[in-house]
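J.: The amino acid sequence is not available; the structure is as follows:
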């Protein structure tokens, strides 16, 4: 019995650290379990409620995100949010992004406040809005695009959440859109 328990623990330990081949431009999609997160997942009809992008200062890889404000942290720390995540890699040209992303990130995005109202055209950014605007300027996505958002599945929740009312039919994007597009391919799924 001890042997079987040890093997299971070893397997779970290896599985939780199985993916370590991150590259600049990879997107990590998180399946979080908070109430708002579950509503986001339901509204966007997918598994994911948060996202981050892999960036580098030339020495170390980080996950950049908009949560509270746009900032970055070591990838391992980002993955501590949950053990349920998917890594997607761009299928479009990333050469320009890899070359210029750090300077643009630091000068134009770093410390931008979080967009708790999910408005596309203001000076704040929610997680997937940050990723899309930051990456698309370099990669010129062919399939991934913003689209009118629909909040009708959980209208009562959103009506009490947004101080200016739900941004119904306004431009937006969700973490699940990164999962569904042909501009990215799944390279790791922690649940498989």
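T.: Received, thanks. Bear in mind the structure is a predicted one, so any value in this text is a computation, not a measurement.
J.: Not counting sequence-adjacent ones, nearest residue to the residue nearest the centre of the chain?
T.: Closest to where the C-alpha atoms of the chain average out (C-alpha atoms, centre = their mean) is residue 51, at 1.2 Å. Closest residue to residue 51 apart from its sequence neighbours, by C-beta to C-beta, 6 or more residues apart in numbering: residue 175 at 4.1 Å. C-beta here means a position set from N, CA and C on the backbone, and glycine is covered the same way.
J.: Around that neighbour, how many other residues sit close by?
T.: Using other C-beta atoms under 10 Å, residue 175 has 29 neighbouring residues.
J.: contacting residues for it?
T.: Neighbour list for residue 175: 29-30, 40, 44, 46, 48-51, 127-128 [criterion: C-beta atoms under 8 Å, 6 or more residues apart in numbering].
J.: how about 10 Å then?
T.: 27-32, 37, 40-41, 44, 46-52, 86, 88, 126-128, 131 (C-beta atoms under 10 Å, 6 or more residues apart in numbering).
J.: In helices, which of these appear?
T.: If you go by DSSP state H, the contacts of residue 175 have 37, 40-41, 127-128, 131 in helices.
J.: can you redo those residues as CSV with distance to residue 185?
T.: Shown next, in CSV, are those (distance: C-beta to C-beta, whole Å):
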residue, distance to residue 185
37, 24
40, 23
41, 21
127, 20
128, 18
131, 16
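J.: ok so, going back, my guess is the residue nearest to the centre of the chain contacts residue 37, does it?
T.: No. Using C-beta atoms under 10 Å, residue 51 is not in contact with residue 37, being 11.7 Å away.
J.: which neighbours do those two share?
T.: By C-beta under 10 Å, 6+ apart, the residues touching both residue 51 and residue 37 are 30, 175.
J.: Identify, from the ones in helices among the contacts of residue 175, the entry nearest to residue 147.
T.: Nearest to residue 147 among the ones in helices among the contacts of residue 175 is residue 128, at 11.8 Å by C-beta to C-beta.
J.: For the closest one, which residues are in contact?
T.: By C-beta under 10 Å, 6+ apart, the contact set of residue 128 is 27, 29, 40, 44, 48-52, 66, 118, 146, 172-178.
J.: Residue 67 now?
T.: Neighbour list for residue 67: 50-52, 73, 78, 81, 114, 126-127, 130 [criterion: C-beta under 10 Å, 6+ apart].
J.: could you measure it against residue 78, distance?
T.: Distance of residue 67 to residue 78, computed by C-beta to C-beta, to the nearest Å: 10 Å.
J.: residue ranges for the helices of the chain, please.
T.: Assigned by DSSP H, the helices in the chain fall at 2-16, 35-43, 75-78, 95-104, 127-139, 155-161, 175-180.
J.: can you list contacts of the second one?
T.: By that I understand helix 35-43. Residues outside helix 35-43 that contact it (C-beta under 10 Å, 6+ apart): 30-34, 46-50, 81-82, 118, 126-128, 149-155, 157-158, 161, 166, 174-176.
J.: how does it look with 8 Å?
T.: 31, 47-50, 150-151, 153-154, 157-158, 161, 174-176.
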